[in-house]
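coordinates for the following, if possible.
(2 chains)
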Amino acid sequence: MLLVQGDSDSYDQLIGVLHHKERLAPDEVALLVTSLKALSGAVSCIDMVHHKSLLSSIFGMSLWNYGPDVMDALLELILSLAASSGNYLDCSLDMLVSNFMPPYSFLDLLKQPRGLTRKDQVLSRVHSTLKDIADLVPLAPSRLVPIVIQRMPNVFTKEPLIMIYVENMLRLEGGAIRELVGNMMLVALMDRLVDLDVEIAWEEVLQDDCSKGIFEMELEDMEEPADDVENDGGELHRGSLSRKSLGGNLIAEKLDSLMVLTFEHLESCEAGGRLIEVFETLVLSFQTTVLNAFKSKFAQFVMFYACALDPENCGVRFARMLADFFVCSTFPPLNRMSAVAYLASYLSRGKFLTASFVANILERLVVWCLEYCKIHDGDINPKAHRVFYSGCQAIMYVLCFRMRSMMNVPHLRSQLLLLPLETILKHPLSPLKVCLPSIVEEFLRQAKAARLFTVSETFIFSDLLESELSRAFGGIERLDMFFPFDPCLLKKCDRFTFLAFRLHNFFRNANLL
Amino acid sequence: MPNKENRKCHNPLLIQSITTDKFNEIFDGVVLAYDVDIPSKDAKILPGIHPYFGVRLKAKLLLFSPKPNMLIEGKVVKLAQESIHIVVLGFSSAIITDEEIRGEFKYKIKHGEGVFVSRSHKRHVIKVGTMIRFLVKSLDEEILHISGSLNPPHTGNILWLDKNLEDASPSSRSTKKRRENGESREMQEHDTVDGGVFSLDNSHQIKKSKKRKISEES
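Modelled structure (predicted):
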């Protein structure tokens, strides 16, 4: 049927058939299917130069416009093209990836059952064709990865389109060719989450009202009995907070939805017993992307949720990684400070972590700080010893959350009492004067009540949240005021993570741990 | 992807990037395996913006380097009237179109699947899963895609050919002798690795910088 030279009328007619996509009558469908099948058989006759317009028609077709018959015929053709020559492989892969998303006009239809059926028909076929191509051309997956990444919608694309594209990426991560492409999909996704994160201004996240201390809201939280709180919505259970809501911020909403998609994917990985290997990729990505950006606003909750799903493996791994990062002197100071800030917030907020594990990590931090004190006998110098001060602050911060529960367990109580906190905190480097006053004050108050630690001099902070010295050690990035695992302001995410704590506590109680 | 167990790696420090399944321009082929010998641990400091150490080493490389008119072997993964699709060594793909399948072979449907049967020798059958020997016409180096041919007389199902062509010409028979141009063929026992045409190059001396290795490794 295909004509290589001459008879351009038939050729043009063929192209015309391919372009016809609006409301095809049954006989038109049959014609299209027949044409596509004939082309599949004649793939070796198609010439890249002479049949340029034919090829661009084929590669420009959107599966979303047709029914399953045409889809199957078209994908058979794409498969033949991809396997026939290197010239068509990239174009075929590109065509499939561009079919991850429906045409713009289709978006409204997606909300209807008809649209969802079509979506399922398209995507299941796209992914099985990708697998078929990989079977015939083993190197295809490595060509696929850059195409998928390059075609990722940018942060300003409409939310439903971003969502559906990311759905496809996650499908690749968990699908038949996951060994070859899965890692890169996760890394690219984390990168995109960080991109969105960066677009949200800190002003929208931080509180105006600095007079409200860091711990005020937390104390309300801690005093509530664990089972009493109802999950009646994202914001209400936190008590009365003058917390800014990010409603109306489109970027935040996109990030929120994407993170929930990611959480759900993590859940399916966990159910499939794959979470640990997936987590390794996430850890690597966290180290290279999130940790290097110093202060991520929300993307870190992906790690948090994975840890909550598997505390004994992922939860432990994450904390140890952060601690390793902090104590390693070859990393830049800012990265180390950032790591310990993540660690402190994580150990405090991760209710799924056992008290004894937290105690052990704390001990590691204390040992490091002690070593530091022994080597440096200088005086206060916020800038020079900023890594040290961030370590001290981390220890105090975690103890503010965990001290009470630890003191109630005899062996942890003795472990705590044996920690050389006095040596460190009363050292000439004076961390009590440099660290964030609100944290120091709360720590001293609790430590005195627990008879863990007392100071002779009174530290009068007059309810100051921060001080000049804390600002100095925190630097421009204000790493003195960075608590990344504070309750997430993204509504949908927060419901997930909140539920994760409560469920975990519930199961723990049930098992009488 | 090729079977990693097949590689004899004695030195884990060497670059991973050599052995990813990409066509390496310098060696004119895909490096499948290497055997490294470092004669001396003396390093030379190489000048440049970033300091590098240069260490001399000798390596034996197993290269996959199909050239036109070479015979090559692979497993059939898909078969249709218009074309046969083959995978070589688990990572390289090949296609033989119907014009390149000699007239001796006729396409039939047997037990619901497509096969090519020789008209002169009914037992000579090619179907999905068969290991076949075919001629290389061209290679697309970027995606390691071979365009092949079953026109020459001694191509086809390897098992059948080896059994039935005792008087086969030297180019298709396997020999344990290593020739001057270093060409040899091994029959692999391993399930997942297919046979192929290799060229062994003993005399490559490579000067590599250790630092670059480490940075490329990460």
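
what pLDDT does residue B:24 get?
Among the per-residue scores, residue B:24 holds a pLDDT of 83.

so what sits opposite it in the bridge?
Partner residues in beta bridges with residue B:24: residue B:29, with DSSP bridges as the criterion.

does it touch residue B:30 like I think?
Yes - A contact is recorded between residue B:24 and residue B:30 when judged using C-beta atoms under 8 Å, the distance being 6.5 Å. Bear in mind the C-beta positions are built from the backbone N, C-alpha and C, glycine included.

more neighbours: the two, which one.
Comparing residue B:24 with residue B:30 by other C-beta atoms under 10 Å in any protein chain shown, the one with more neighbours is residue B:30, at 23 against 18.

and the closest residue to that one other than its chain neighbours, bridged to which residues?
Among residues not flanking residue B:30 along the chain, residue B:64 sits closest, at 4.2 Å (C-beta to C-beta, 6 or more residues apart in numbering or on different chains). On DSSP bridges, the residues paired with residue B:64 through beta bridges are residue B:30, residue B:198.

and residue A:352, helix, strand or coil?
Going by DSSP: H, G, I helix; E, B strand; the rest coil, the secondary structure assigned to residue A:352 is coil.

what sits in contact with each of residue B:24 and residue B:30?
Between them, residue B:24 and residue B:30 share no contacting residue under C-beta atoms under 8 Å, 6 or more residues apart in numbering or on different chains.

quick one: find the helix or strand in chain B with the lowest mean pLDDT.
strand B:183-184 (a mean of 34; mean pLDDT, DSSP states H and E).

quick one, phi psi at the closest residue to chain A within chain B?
For chain B, the residue positioned closest to chain A under C-beta to the nearest C-beta is residue B:140, at a distance of 3.5 Å. In this entry, residue B:140 is assigned phi and psi values of phi -90, psi 110 (degrees, to the nearest 10).

same question, the one 4 residues further on
In this entry, residue B:144 is assigned phi and psi values of phi 50, psi 50 (degrees, to the nearest 10).

got the contact list for it?
Under the criterion of C-beta under 8 Å, 6+ apart, the contact list for residue B:144 reads A:139, B:21, B:22, B:23, B:30, B:91, B:92, B:93.

that older thread, can you pull the contacts of the residue of chain B closest to chain A?
Neighbours of residue B:140 in contact, by C-beta under 8 Å, 6+ apart: A:85, A:86, B:146, B:147.

how close does the first one get to residue A:55?
So the one you mean is residue A:85. Noted for residue A:85: a distance of 12 Å to residue A:55, by C-beta to C-beta, to the nearest Å.

next: the last one.
When distance is defined by C-beta to C-beta, residue B:147 is 19 Å away from residue A:55.

now residue A:369
Counting by C-beta to C-beta - residue A:369 and residue A:55 are separated by 66 Å.

who's more crowded, those two?
The neighbour count for residue A:369 versus residue A:55, taken as other C-beta under 10 Å, is higher for residue A:369 (25 against 19).

residues from chain B in reach of chain A?
Neighbours of chain A within chain B, by C-beta under 8 Å from any C-beta of the partner chain: B:1, B:21, B:77-78, B:80-83, B:85, B:87, B:90-93, B:95, B:97-99, B:140, B:142-145, B:147.

buried sites along stretch A:426-433?
By neighbour count on 16 or more other C-beta atoms under 10 Å in any protein chain shown, the buried set for stretch A:426-433 is A:426, A:427, A:429, A:430, A:431, A:432, A:433.

for those residues, which one is nearest residue A:172?
residue A:431 (48.1 Å; C-beta to C-beta).

who's in contact with that closest one?
Taking C-beta under 8 Å, 6+ apart as the criterion, residue A:431 is in contact with A:388, A:389, A:392, A:393, A:424, A:425.

if you set the cut-off to 6 Å instead, what comes out?
Contact criterion C-beta atoms under 6 Å, 6 or more residues apart in numbering or on different chains gives A:389, A:392, A:425 as the residues in contact with residue A:431.

where does the nearest residue to it once chain neighbours are set aside land on pLDDT?
Excluding its sequence neighbours, the residue lying closest to residue A:431 (C-beta to C-beta, 6+ apart) is residue A:392, at 3.7 Å. On the pLDDT scale, residue A:392 is placed at 95.

next up, the contacts around residue A:392.
For residue A:392, the contacting residues are A:369, A:431, A:435, taking C-beta under 6 Å, 6+ apart as the criterion.

over to residue B:37?
If a contact means C-beta under 6 Å, 6+ apart, then residue B:37 has residue B:58 as its contacts.

phi first, then psi, for it.
Summarising the backbone geometry of residue B:37 under the convention degrees, to the nearest 10, its torsions are phi -130, psi 130.

then residue B:72?
Residue torsions, per degrees, to the nearest 10, at residue B:72 are phi -140, psi 160.

that one contacts residue B:66, correct?
Yes - with contact defined as C-beta atoms under 6 Å, residue B:72 counts as touching residue B:66 (5.4 Å).
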